[in-house]
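Undergrad: using only what follows, build the 3D model:
(2 chains)
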Amino acid sequence: MAQESNIVIDHGRSKWSDLWKKEDYLAIWLGFAIILVSMIAYFNFGPQADFAQKIGAADQIQAAESSKAPFKTIAWHKAQDDKGKLKASGSAFGKFVGHWTKKPGSWKTNPLDAFVRSEGQAKAMNEKALPKYEKAKAVSDAALSAALTSEQAAAGAGFKDTALNDEAKAKIADWRKAHKASGDAKKKTGNNPYNYIPTLIGLCIFFALIFGLGVKLMGENFTSFVKGFVLVFIVSVLAYMLGGQAVSKQYGMGAEAWGVLLGMIIANTLGTPKWALPACKVEFFIKTGLVLLGAEVLFNKIIAIGVPGIFVAWVVTPIVLVCTYIFGQKVLKMPSKTLNIVISADMSVCGTSAAIATAAACRAKKEELTLSIGLSLVFTAIMMIVMPAVIKAIGMPEVLGGAWMGGTIDATGAVAAAGAFLGEKALYVAATIKMIQNVLIGVTAFCVAMYWTMKVEREAGRNVGAMEIWNRFPKFVLGFLVASILFTLIDSNLGKDMGTAMLNQGVVKGGTSLFRDWFFALSFAAIGLSTNFRELAKYFKGGKPLILYVCGQSFNLVLTLAMAYVMFYLVFPEITAKI
Amino acid sequence: MAKKSLIRRLAAFVFVLGVTFAVIYGLFPWMTHSFDPLTRMSQSLNETGIDPSRYYYTDVEQVRESEQYLRGVLDQ
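TA: Predicted coordinates:
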């Protein structure tokens, strides 16, 4: 993230050739090419018609059941489960893309397990998991049988006996719990053999070609890029391997953290070879990844838990972000505004993804991004363990605890982990609040880009004209927003179930997010390989970034808890009662 | 960096990488086994299959399940 001139230029410098020569535009074209191919493949050759039929049939069952009983019956839930099984990524295209974009898998003791799993190993894993699944299935079957009996009793009374209805409702809830546990156990019996080495080689060649073409269009040397790219790709692959280790994952250290760490270790001990530096195209990888991330930022998700969710995730978060930034500027006197805003966004919005988007939007330095993500990782690991323990110890209700954790813990995976540790309801609320907050990164990136263009980078005492704004504005943010708006519209038009099956479980999970994940991993490896420890240490001087994070997060904890309590227990207790 | 010999650079690389691995694969598992809340968190993660290192909601299966559950109970 090179920081060029900090002053807004007075004259227009946009040229038509920018469209095929500038990194921002190339990131947009590459991102949209992937989006377009995925959309065409899934919507023209995918299972949409078949899904429409199945969703229609399930909807009919659910409508009939809803009109019959005052609670959600077994048939209603089964129809819902059938809809949940619809995933467009199961189509031929989805399988093809999934196969060729595979990342090294999880492992416990042998790192080679991340790359190769024999048939014998897969069989042994499945056999080990089988008894637990059989036990869980037996419990689920028994719970279903009890639920059926209760529901039949309630139906016998024409669903007019409140006591029988309540009993049936409770038994059905028990069955759903057991059914979920059985489903989780079943997933562990479906291990397959693999060898990712050939596909990783193929993927390296593919990425080298597409990014190499972009680099060539930017006027740089294709061959130099490709040579260096091999090292960047290898570091990314090793980062995926190290991040896939069970303990590493448990503490929230995934491929992104390992990419930076491993790259930095190489750069600061062995020294990054000069021939690898032309491939450290941090911005190009990040911007392309962000355009793809736009496809996952669906604005219609913000109503998932009603008004309380909007207040906790969309009112508190901007307040915390702005206050933390002002605190950093006025009280702490942070020497770097970009570091200040990246830490503020990282801490208040949603960790790594918000940090990446904000850093790119305000053209922060790569060391500043590394530092803020490092802070976020440390505090996420601590909060993920401490918060559920504290909530349990003081006897806070699960819904309140879930909303509190969802609004404050940075990474979504850590939020889900902390929520699941606390309880089922806490998981549901925490994960949903986090999802709503995740959507905020689109708005954050846009506002930060505008603020930087119009205020921060403006020469004192001068007005910024529309043309200047356009010249300075990071164009990839537009690609990111267009992708987000486009996918939001498509998702809304498709309806909830079809949107989930075709977009979330198809175009996104079977296309764009697979590439997005790799592009971010490549960018973090490139950041590590081009980062100097001493440069990084300079940004930490005086511990101001740490103080900023701690103060901002403390404010976030207090405000989120207060807002969650007011919303879920004083203003909308009926919503809480339903959860 | 360029002035140092290859042997010294290699030694530094092995040392730093060794220390990092010792922390992640030595200290962290020890902490997990030694402290009760960490042990229980580890067990919970094993059972649910949640990956705390995933940062965006589309990467976490449990978010979709939570959304579906809430949609069901809130009659959306």
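
Undergrad: can you pull the pLDDT of the closest residue to A:Leu30 other than its chain neighbours?
TA: In this structure, A:Leu30 finds its nearest non-sequential neighbour in A:Thr288, 5.0 Å apart by C-beta to C-beta, 6 or more residues apart in numbering or on different chains. The way it works is simple: take the backbone N, C-alpha and C, and place the C-beta from them, glycine included. Looking at A:Thr288, its pLDDT reads 97.

Undergrad: which residues of the chain score low on pLDDT?
TA: Just going to use chain A. For chain A, the stretches with pLDDT under 70 are A:1-12, A:459-462.

Undergrad: not what I meant, chain B
TA: Applying pLDDT under 70 to chain B picks out residues B:1-3, B:76.

Undergrad: count the neighbours of whatever residue of the stretch 401-550 of chain A ends up closest to chain B for me.
TA: Relative to chain B, the nearest point of the stretch 401-550 of chain A is A:Gly413 (3.5 Å; C-beta to the nearest C-beta). By the measure other C-beta atoms under 10 Å in any protein chain shown, the count of residues near A:Gly413 is 29.

Undergrad: that one and B:Thr20, how far apart?
TA: A:Gly413 sits 22 Å away from B:Thr20, going by C-beta to C-beta, to the nearest Å.

Undergrad: now swap in A:Leu298 and tell me
TA: 38 Å.

Undergrad: more neighbours, the two?
TA: Of the pair A:Leu298 and B:Thr20, A:Leu298 is the one with more neighbours under other C-beta under 10 Å, namely 26 against 15.

Undergrad: hang on, the more buried one packs against A:Ile490?
TA: No - applying C-beta atoms under 8 Å as the test, A:Leu298 and A:Ile490 come out as separate, 9.3 Å apart.

Undergrad: got the end-to-end distance for stretch B:26-44?
TA: 21 Å (C-alpha to C-alpha, to the nearest Å).

Undergrad: quick check: closest non-adjacent residue to A:Met384.
TA: Nearest residue to A:Met384, sequence neighbours excluded (C-beta to C-beta, 6+ apart): A:Ala414, at 4.2 Å.

Undergrad: residues of the one helix or strand the one you found maps to that come out buried?
TA: Following DSSP states H and E, one finds A:Ala414 within helix A:412-422. Of all the residues in helix A:412-422, those buried under the rule 16 or more other C-beta atoms under 10 Å in any protein chain shown are A:412-422.

Undergrad: show the subsequent helix or strand relative to it.
TA: Next along the chain from helix A:412-422, counting by DSSP H and E, comes helix A:424-451.

Undergrad: so what's the residue count around A:Phe555?
TA: Neighbour count for A:Phe555, taken as other C-beta under 10 Å: 18.

Undergrad: is it correct that it is in contact with A:Leu321?
TA: No - between A:Phe555 and A:Leu321 there is no contact under C-beta under 8 Å: 10.5 Å.

Undergrad: indicate the residue of chain A located nearest to chain B.
TA: Counting by C-beta to the nearest C-beta, chain A gets nearest to chain B through A:Gly254 (2.9 Å).

Undergrad: show me which residues of stretch A:256-274 are buried.
TA: Within stretch A:256-274, the residues scored as buried using 16+ other C-beta under 10 Å are A:256-270, A:272.

Undergrad: dump it to PDB, restricted to CA.
TA: Once non-C-alpha atoms are left out, stretch A:256-274 reads as follows in PDB (Å, rounded to 0.1, in the frame of the first residue of the first chain):
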ATOM      1  CA  GLU A 256      -3.500 -15.000   6.900                       C
ATOM      2  CA  ALA A 257      -1.600 -14.700  10.200                       C
ATOM      3  CA  TRP A 258       0.900 -17.400   9.200                       C
ATOM      4  CA  GLY A 259       1.400 -15.800   5.800                       C
ATOM      5  CA  VAL A 260       2.600 -12.600   7.400                       C
ATOM      6  CA  LEU A 261       4.600 -14.300  10.100                       C
ATOM      7  CA  LEU A 262       6.300 -16.800   7.800                       C
ATOM      8  CA  GLY A 263       7.000 -14.100   5.200                       C
ATOM      9  CA  MET A 264       8.400 -11.800   7.800                       C
ATOM     10  CA  ILE A 265      10.600 -14.500   9.200                       C
ATOM     11  CA  ILE A 266      12.000 -15.200   5.700                       C
ATOM     12  CA  ALA A 267      12.400 -11.500   4.900                       C
ATOM     13  CA  ASN A 268      14.200 -10.600   8.100                       C
ATOM     14  CA  THR A 269      16.500 -13.600   8.500                       C
ATOM     15  CA  LEU A 270      17.300 -15.200   5.100                       C
ATOM     16  CA  GLY A 271      16.200 -12.100   3.300                       C
ATOM     17  CA  THR A 272      13.600 -12.100   0.500                       C
ATOM     18  CA  PRO A 273      15.400 -12.800  -2.700                       C
ATOM     19  CA  LYS A 274      15.400  -9.800  -5.100                       C
END
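
Undergrad: quick one: is that stretch near chain B?
TA: Yes - counting by C-beta under 8 Å from any C-beta of the partner chain, chain B is contacted by stretch A:256-274 at A:256-257, A:261, A:265-266, A:268-271.

Undergrad: and the contacts of the top helix by length along chain B?
TA: Assignment by DSSP state H gives helix B:6-22 as the longest helix of chain B. Here helix B:6-22 makes contact (C-beta atoms under 8 Å, 6 or more residues apart in numbering or on different chains) with A:261, A:265-266, A:268-271, B:1, B:4.

Undergrad: ok, which residues in the stretch 51-200 of chain A are in contact with chain B?
TA: With C-beta under 8 Å from any C-beta as the criterion, the stretch 51-200 of chain A comes near chain B at residues A:72, A:80, A:84, A:180, A:184, A:187-188.

Undergrad: reformat those as TSV; add distance to A:Lys103 and secondary structure.
TA: Formatted as TSV, these follow (distance: C-beta to C-beta, whole Å; DSSP: H, G, I helix; E, B strand; the rest coil):
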residue	distance to A:Lys103	secondary structure
A:Lys72	38	coil
A:Gln80	31	helix
A:Gly84	25	helix
A:Lys180	27	helix
A:Asp184	22	helix
A:Lys187	18	helix
A:Lys188	19	coil
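
Undergrad: got a quick ChimeraX command for the buried subset of those?
TA: The command below creates a ChimeraX selection of those among those that count as buried (16+ other C-beta under 10 Å):
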select /A:72,80,84,180,184,188
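
Undergrad: make a markdown table from the residues of the stretch 51-200 of chain A next to chain B and add distance to A:Glu134 to it.
TA: Listed next are those as a markdown table, based on distance: C-beta to C-beta, whole Å:
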| residue | distance to A:Glu134 |
| --- | --- |
| A:Lys72 | 28 |
| A:Gln80 | 25 |
| A:Gly84 | 23 |
| A:Lys180 | 16 |
| A:Asp184 | 14 |
| A:Lys187 | 14 |
| A:Lys188 | 12 |
